[in-house]
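S.K.: For reference, the sequence and a predicted model appear below.
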Amino acid sequence: MIFRARQFEFVFPRPALVMGIVNVTPDSFSDGGKFFDAEAAVAHALKLVADGAEILDIGGESTRPGATPVGEEEELRRVIPVIEKLSAQVKIPISIDTTKPNVARAALAAGASIVNDVGAATHIEDFTMWKIVSENHAGYIVMHAQGSPTTMQEKPAYRDVVREVSGFFSERLGLMLNEVGLPMEQLILDPGIGFGKTPEHNLSLLTNLKTFARWRRPLLIGVSRKSFLGKLLGVETENRLPASLACAILTVGDGAQIIRTHDVAETVQAVRLAEIFYSRKTHGQ
């Protein structure tokens, strides 16, 4: 299995990729405001690379539950200087976390290689985002979400969340290939943990990851410090690292190839040890 994003290529099976989160926002649920200044964001991103990040995910609009939408001009002002500076300094893929086609286009022009689109569910009638990705030979993260960040956690409802997310992937992949000509090798799948899901929905997805292996695409899991961990365990955001690491370890064992996290150094260490364990267990050593 191959994933390509512009000049970058990853061949699987291989050690899981750790994606470091850089929120250039004042209101993200975990680190909002810490890296709102461009220089602070760049410095933090460079630290994440030194800690072992193999992808950087840059976002200028919070997607936490209840978040207020950000205008296109403001989002561009936040992220483009950061991407321009990072692309001149790092040799790993930079991902732009956005739902806006014009922001994606500008970010790719500034040096990004991947579009991480939490709005993949909204582009079924407007293929502009997917066309931009295809024209730039960029990577694209197909993420499932029910509703918008403003409303997604009000009353999430599914008859069968695993079946419905699977159906979403099947439909979107078909549209991308047949309507836009976006190659499968440029796509990553993300079941959207916490995006329009209850804790029970999230657990169902996390314990059935092998269901999504049938498309032979890298699977991204983002659980870092998320609220469902707090609801399950009764811990505040700043105390959710152990639970986040447990999820990373367990999901890598079930086939996750990319882990998106705020805590890169800790996640790299946990995942690498888990991979050693799983390899020895598989080969009976």
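M.R.: Looks like it came in fine.

S.K.: residue ranges of the helices in the stretch 1-150 of the chain, please?
M.R.: For the stretch 1-150 of the chain, the helices defined by DSSP state H, counting those that start in this stretch occupy 38-51, 72-87, 101-110, 128-135.

S.K.: Does anything pack onto the first one? Which helices or strands?
M.R.: Identification of packing neighbours for helix 38-51 by 3 or more CB pairs under 8 Å, 6 or more residues apart in numbering; DSSP states H and E yields strand 17-23, strand 55-59, helix 72-87, helix 264-283. For the C-beta atoms, the positions are set from N, CA and C on the backbone; glycine is no exception.

S.K.: what angle do that helix and strand 55-59 make?
M.R.: Interaxial angle of helix 38-51 relative to strand 55-59 (axes from the mean of the first three to the mean of the last three CA atoms, to 10 degrees): 160 degrees.

S.K.: ok, back up a step: which among the helices of the stretch 1-150 of the chain is found nearest to M143?
M.R.: Among those, helix 128-135 comes nearest to M143, with 12.1 Å by CB to CB.

S.K.: could you give me the average pLDDT of the closest one?
M.R.: In this model, helix 128-135 carries a mean pLDDT of 93.

S.K.: and that helix, which residues are buried?
M.R.: Using 16 or more other CB atoms under 10 Å as the burial criterion, the residues of helix 128-135 that qualify are M129, W130, K131, I132, V133, S134.

S.K.: Export those as a markdown table, with columns for distance to L177.
M.R.: What follows is these, written out as a markdown table (distance: CB to CB, whole Å):
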| residue | distance to L177 |
| --- | --- |
| M129 | 15 |
| W130 | 10 |
| K131 | 13 |
| I132 | 16 |
| V133 | 12 |
| S134 | 10 |
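
S.K.: Of these, which is the nearest to I55?
M.R.: V133 (15.8 Å).

S.K.: From what I see, the closest one and P183 are in contact.
M.R.: No. Contact criterion CB atoms under 8 Å: V133 and P183 do not qualify, at 10.1 Å.

S.K.: before we move on, back to that, which one, of the helices and strands packed on helix 38-51, ends up nearest to L108?
M.R.: Across the helices and strands packed on helix 38-51, L108 has its closest neighbour in helix 72-87 (9.1 Å, CB to CB).

S.K.: what's the closest one packed up against?
M.R.: helix 38-51, strand 55-59, strand 94-97, helix 101-110.

S.K.: most packed of these?
M.R.: With neighbours taken as mean count of other CB atoms under 10 Å, the helices and strands packed on helix 72-87 reach their highest mean count in strand 94-97, at a mean of 29.

S.K.: In the sheet, which strands lie alongside it, parallel or antiparallel?
M.R.: Strand 94-97 has the following strand partners under DSSP bridges: strand 55-59 (parallel), strand 114-117 (parallel).

S.K.: Return the distance of it from the chain's centre.
M.R.: Averaging C-alpha positions (CA atoms, centre = their mean, to the nearest Å) puts strand 94-97 9 Å from its chain's average.

S.K.: Look at V24 and say how many residues are nearby.
M.R.: Counted with other CB atoms under 10 Å, residues neighbouring V24 total 28.

S.K.: what's it in contact with, if anything?
M.R.: Applying CB atoms under 8 Å, 6 or more residues apart in numbering to V24 gives the contacts F35, F36, A38, A41, I58, G59, G60, R78, V79, V82.

S.K.: Who are the contact partners of the fifth one?
M.R.: Counting by CB under 8 Å, 6+ apart, I58 makes contact with 22, 24, 41, 45, 79, 82-83, 86, 94-97, 107, 112.

S.K.: Now distance to L189 too, for the residues you listed, in CSV please.
M.R.: Converted to CSV, the contacts of I58 look like this (distance: CB to CB, whole Å):
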residue, distance to L189
V22, 22
V24, 25
A41, 27
A45, 25
V79, 24
V82, 26
I83, 24
L86, 25
I94, 20
S95, 14
I96, 18
D97, 16
A107, 21
A112, 19
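
S.K.: right, and out of those, which lies closest to A157?
M.R.: A157 lies nearest to D97 out of the contacts of I58, by CB to CB, at 26.0 Å.

S.K.: out of the helices and strands packed on helix 38-51, which comes closest to F195?
M.R.: Nearest to F195, of the helices and strands packed on helix 38-51 and by CB to CB, is strand 55-59 at 13.7 Å.

S.K.: Now that closest one: average pLDDT?
M.R.: 96.

S.K.: quick one on the thing from earlier: can you redo the helices and strands packed on helix 72-87 as CSV with distance to F212?
M.R.: Output for the helices and strands packed on helix 72-87, formatted as CSV (distance: least, CB to CB, whole Å):
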stretch, distance to F212
helix 38-51, 26
strand 55-59, 19
strand 94-97, 20
helix 101-110, 24
